[in-house]
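# Fold the following and give me the result.
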Amino acid sequence: MKKRDMLLEALYCALHRRCEKQPPPGFNEWISTRMLAEDCELGIYQTRSLLLKLVEQQRILVTPTLIANSLRWYVAQ
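This is a model prediction of the structure:
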């Protein structure tokens with residue numbers, strides 16, 4: 001498995017652990033990029049890039065706009 005694929009899976013698992021409510025709650029309760037970066041010990045920009053890849057794969061959801069200057073993320077159903 002490639003390093004990027006391993007990071008994608010680690011990030012997905014970290015997000016999944018933080019997302020308990022289905023259907024997803026309001027955008028304000030979604031998980032911030034910074035929280036996930038800290039959970040996985042990654043940089044903010046690397047984390048955002050990987051999260052956007054997971055959005056492309058339709059595995060996670062992203063808020064349509066910034067909330068408190070941050071995109072927010074949630075596991076897709």
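
# from here on, contacts and neighbour counts on C-alpha atoms
Fine.

# phi, psi of K3?
phi -60, psi -40 (degrees, to the nearest 10).

# What pLDDT does the model give it?
pLDDT for K3: 93.

# any idea how far it lies from L50?
12 Å (Cα to Cα, to the nearest Å).

# Compare these two and say which one has the larger neighbour count.
Neighbours per residue, other Cα atoms under 10 Å: of K3 and L50, the larger number sits with L50, 19 against 8.

# Tell me the helix or strand right after the helix or strand where the more buried one lies.
L50 belongs to helix 44-56 when assigned by DSSP states H and E. Reading on from helix 44-56 to the C-terminus, the next helix or strand found by DSSP H and E is strand 60-62.

# what does the helix or strand that comes right after that next one contact?
Counting by DSSP H and E, the next helix or strand C-terminal to strand 60-62 is strand 72-75. For strand 72-75, the external contacting residues (Cα atoms under 8 Å, 6 or more residues apart in numbering) are 12, 15-16, 19, 24, 27-28, 30-33, 59-63, 66.

# try 7 Å this time
Contacts with strand 72-75, where a contact means Cα atoms under 7 Å, 6 or more residues apart in numbering, come from L15, H16, C19, W30, I31, S32, T33, R59, I60, L61, V62, T63.

# Please apply the same query to stretch 29-47.
Residues outside stretch 29-47 that contact it (Cα under 7 Å, 6+ apart) are L11, A14, L15, R48, S70, L71, R72, W73, Y74.

# hmm, 8 Å instead?
For stretch 29-47, using Cα under 8 Å, 6+ apart, the contacting residues are 10-11, 14-15, 18-19, 24, 48, 70-74.
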